[in-house]
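Asks: Kindly generate the corresponding structure for this input.
(2 chains)
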Amino acid sequence: MTAHLPVLQVLVPLVCAPFCVLLRSRTAAWLLFLFAALASLTCAVLLAVRVGGDGAQRYEMGGWPAPAGIEFVVGAFNTPVLLVVSAVAVVVAVYSRRSVTSEVDARRVPLLYTCLCLTLAGLLGLTVTGDVFNAFVFLEISSLSTYALVAMGRHRRALLASFRYLVIGTVGATFLLIGIGLAYAVTGTLNMSDLARRVADLGDDGGGNRALYAAVVFVFVGLAVKIAVFPLHAWLPGAYAQAPSAIGAFLSATSTKVAIYVFCRFAFTVFGTTLVFGTMPIDRIGLALACLAMVAGSAVACFQTDLKYLLAWSSIAQIGYILAGISLATTAGVSAGYLHVINHAVLKAALFCAAGLLVLRLGSARFTALAGLGRRMPWTFAAVVIAGLGLVGVPPTAGFASKWALLTALVDQGQWAVVAAVLASSLLAMVYIGRIVEVAWFREPAEPGTGPTASKAPASMVAAIWVLVLASVYFGLDATWPAGLADAAADALLANGGE
Amino acid sequence: MSELLTGWTSPDRALALPVTVAIPLLGIAALLLVRRNPNAREAASLLSGVALVVAVLGLWPVAGDDLRFELWTWLPGLSLEFALEPLGLLFATVAAVLWPVTTVFAAGYLRADGEHAQTRFFSFFALTIAAAMWIALSGNLVTLFIGYEIMTLATWPLVAHKGGADARRGARTYLVVLLTTSVGLLLPAIVWTWLLAGSTEFRPGGLLTGHAGTGVLTVLFALYLFGIGKAALMPVHRWLPAAMVAPTPVSALLHAVAVVKAGVFTVLKVAVYVFGLDTLGESGASRPVMWVAAFTVLAAAVVALRSDNLKRRLAYSTVSQLAYIVLAATLARDVALAGGALHMVTHAVGKITLFLCAGAIYVTAKKTKVSELDGLGRAMPWTFGAFLVATVSIVGLPPAGGMWSKWLLLLGTVDAEQFVMLAVLLVGSVLSLGYLMPITVRAFFRPPHGPLTHGEAHPAIAGPLTLTALGCVALFFAADAVLAPLTGILELP
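Replies: This is a model prediction of the structure:
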């Protein structure tokens, strides 16, 4: 049984998905998703323990040996991602029950959980797979179900956001597919370790093979769309803000993070560090785009008047931090990137969950609706402020730990321009979090009649928010555990033999 | 229990350090528990204040024992830890002793002024003191930085306390300046130090000694001194006058003692333990900042001279006097540094007296401008008497503690052969006489504008300020005792 853990954690949500539709009951669908998330989390924890003990785990699908068959690989480089995705899924599952009922038409709820199960299966599969074409398949499973999820938002604008995401996302996926196809044409294999071996055989610079260069470019542009690297981010604000709140929280914490992991997997363990960051200038491009993302994302966030859009734009900036760390291609840099993947997932999920609670009780997360409510909803706004300070990177929050790690990595490489961008972005983050504080505590309520409608906040939603907020504070006070995971991941990726 | 007592101040256990930081936090819990009863609430604040004084004074006998307490590992290779050393002990003592005094004053002030949200006020007040203790006892730069930022955030609700448009604007300036400097300059400086030296521990003789050339040291020193925005070196002093929108007890304890002294304390600590006075003196890395400090001494004094608003005048006086301490650090001489450390104490006691007097004048006579104070001395002799004593101390005349700190500072400039700085310090003192003395002169010797309808301030207000004024005089006689722990780290004549 335990030998099948790598596939089980993908299989359980995948199998749960059709049952959600067939049972046609809201409660049953919710229970199934909760079960799937819990099962995945259990598998992820067990896998992490085993990877920590015995090193990377390989699993051959259907007993067909690699490279002909598809294999799943779980190593130190993807256990942090598995843990983050499945843990966030559990929290969102607890949170979603009341949030989804209030925002989505009752008939569509089972469908929503079906898509959520599929998204979870896709993201986990994308993380564990050791086969490049299989990675594309899982990417499409998660993307297609995400398009549907976004479209279930409360407003008709959600349809537009979903359509926009569909078009851009499909272009990205196609790029990835073209890249994979080219790599296949050059090497004749789809298995990641086998591909890495054959690319290495071509020589340090890929033997000057132009098809291989083109493959690298296509793969990275395709993934950049999925990561929402500035300026390929256009789909993100609408998709996160218009999707149902629980979905926004789940996507913000997981989907871009998994895409970032896939980026690392391709760069360090498929094409190889020398080819990607030495021969080709992906590192310089990555750093430049990261700086743009950090500054532009935070700057635009300062001018938003809707909490959810503000958070979405802040995500674009925070992705810049992660990209900057990874683009350094040093152990410290990649580790900082991973650390921020973990910390940002927790922080942003907490913030989107809190925004969802505001939507539930106030009907909107626009600033005009939030004005002056800091005193009447102190706990919700306290959660927003604490997690928000994490985005700024003020000690003792989780954001400070990742910023410390990132600054150390950047200064070590003498990247002073990027250091300046990181600091500028933090200061802009202070401005947009400060705006929330000012709206909540210092502005007069718009009309006397407005205010929290539902008499009490649902306990499940409050619990989910505070679990995330407390986790973020804990990761700030004692960062050894996430930093240990991140360090192990970076070591495994850069050693290239981490599998 | 017996284990607690034996481990209290033993060099390897040092439980007293975390307990000292925890006492104000326990005070918050206590005052929140009894928040329905204002008298019990203030009693809880006061009791934790007294407990804190006892705990901090209990550290004096073991000042040289190198106590260390590791909290936990924060990131691999970096732990949060407390360590006791003389400078930190001085800062902790000043903040701890003045806290209960200000609590009594604050209770009287807030009730006389009918302020809202008093429980919130006292909670964040205690949180700030906890942050001050954390900073004073921190054993490395990362620990210190965390306390530094917590202090900024904990004081923000106090600055914004009144909630009006003015308070909001002031609080915004406050937060923006302090966070921008700390995140933008101090944090990179700490990260850089860590990479150069492989550690962030405060090390006698200087952590960076032998790890960096003159150019790097100069840039780093500037990053630190402008990054420590709480030390209010020009041009990052703007937050201090902006913070004057806060209720007066906040201005008194936080913006004359805890917050600004946390700033200059960090400056002194960085000079001694991160750069090392010898390294700093030989490399000349502190020269450029020395001129900025000298400019700040004079420019802020001139602004104070021209301010009619009493609290604004005192705020700029603080900026000027803080620059004395920064200047002491940049001189990189043992004598000067001792003077700076002593000035940290004497200025704290003197300036808190001045602010408490300003608060007493505001709640009793509703006056905020210097030009309105004519003749008030007859109605409020205790308040203006205390103001006079504090003035004498700030200017640096006998019989007040300020004389010794200024004396040591002057000796330091001579020792460093910086005669321009000697002149700057003397001119700064003359200017301080110019902006403080007229206040008492007006109050006592000019006839009042109209009939006086009030008497002396309420005893809960007049008591504390008399006490701190006596403290100024006591420091004149006790300066040696205050400096005694410093002999462990500095060579004093």
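
Asks: the bottom helix or strand of chain A by mean pLDDT?
Replies: When each helix and strand of chain A is scored by mean pLDDT, DSSP states H and E, helix A:367-370 comes last, with a mean of 84.

Asks: got the buried residues for that helix?
Replies: A:Phe367, A:Ala369, A:Leu370 (16 or more other C-beta atoms under 10 Å in any protein chain shown). C-beta here means a position set from N, CA and C on the backbone, and glycine is covered the same way.

Asks: Likewise for stretch A:461-477?
Replies: Buried, per 16+ other C-beta under 10 Å, within stretch A:461-477: A:461-462, A:464-469, A:471-477.

Asks: How about stretch B:475-491?
Replies: For stretch B:475-491, by 16+ other C-beta under 10 Å, it's B:Leu475, B:Phe476, B:Ala479, B:Val482, B:Leu483, B:Pro485, B:Leu486, B:Ile489, B:Leu490.

Asks: Go through the residues you listed and say which is closest to A:Arg284.
Replies: Among those, B:Ile489 lies closest to A:Arg284 (C-beta to C-beta), at 47.4 Å.

Asks: ok, now how distant is that closest one from chain A?
Replies: Distance of B:Ile489 to chain A, given as C-beta to the nearest C-beta, to the nearest Å: 27 Å.

Asks: ok, back up a step: now, which of the buried residues of stretch A:461-477 lie close to chain B?
Replies: Contacts with chain B are made by A:Leu477 out of the buried residues of stretch A:461-477, judged by C-beta under 8 Å from any C-beta of the partner chain.

Asks: Helices - which of the buried residues of stretch A:461-477 land there?
Replies: A:461-462, A:464-469, A:471-477 (DSSP state H).

Asks: still on that earlier bit, save the buried residues of stretch B:475-491 as JSON lines, and put in secondary structure too.
Replies: Below are the buried residues of stretch B:475-491 laid out as JSON lines (DSSP: H, G, I helix; E, B strand; the rest coil):
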{"residue": "B:Leu475", "secondary structure": "helix"}
{"residue": "B:Phe476", "secondary structure": "helix"}
{"residue": "B:Ala479", "secondary structure": "helix"}
{"residue": "B:Val482", "secondary structure": "helix"}
{"residue": "B:Leu483", "secondary structure": "helix"}
{"residue": "B:Pro485", "secondary structure": "helix"}
{"residue": "B:Leu486", "secondary structure": "helix"}
{"residue": "B:Ile489", "secondary structure": "coil"}
{"residue": "B:Leu490", "secondary structure": "coil"}
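
Asks: would TSV of these with pLDDT be doable?
Replies: Shown next, in TSV, are those (pLDDT from 0 to 100):
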residue	pLDDT
B:Leu475	88
B:Phe476	90
B:Ala479	84
B:Val482	85
B:Leu483	85
B:Pro485	83
B:Leu486	83
B:Ile489	78
B:Leu490	77
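
Asks: ok so, going back, would you mind checking the average pLDDT for the helix or strand following the least confident helix or strand of chain A?
Replies: Remark: after helix A:367-370, the chain's next helix or strand is helix A:378-392, criterion DSSP states H and E. Helix A:378-392 carries an average pLDDT of 90.

Asks: next one: helix A:378-392 to chain centre, how far?
Replies: Distance of helix A:378-392 from its chain centroid, counting by C-alpha atoms, centre = their mean, to the nearest Å, is 20 Å.

Asks: Ok, stretch A:77-96 next?
Replies: 10 Å.

Asks: just stretch B:145-165 next, same as before
Replies: Offset of stretch B:145-165 from its chain centre (C-alpha atoms, centre = their mean): 15 Å.

Asks: Likewise for stretch A:33-46?
Replies: With C-alpha atoms, centre = their mean, you get 18 Å for stretch A:33-46.

Asks: by contact count, what packs against the helix with the most length in chain B?
Replies: In chain B, assigned by DSSP H, the helix with the most residues is helix B:334-365. With contacts taken as 3 or more C-beta pairs under 8 Å, 6 or more residues apart in numbering or on different chains; DSSP states H and E, helix B:334-365 sits against helix B:86-113, helix B:248-253, helix B:259-269, helix B:310-331, helix B:376-379, helix B:381-395, helix B:402-415, helix B:459-483.

Asks: run the last query once more with 7 Å
Replies: Using 3 or more C-beta pairs under 7 Å, 6 or more residues apart in numbering or on different chains; DSSP states H and E, the elements in contact with helix B:334-365 are helix B:86-113, helix B:248-253, helix B:259-269, helix B:310-331, helix B:381-395, helix B:402-415, helix B:459-483.
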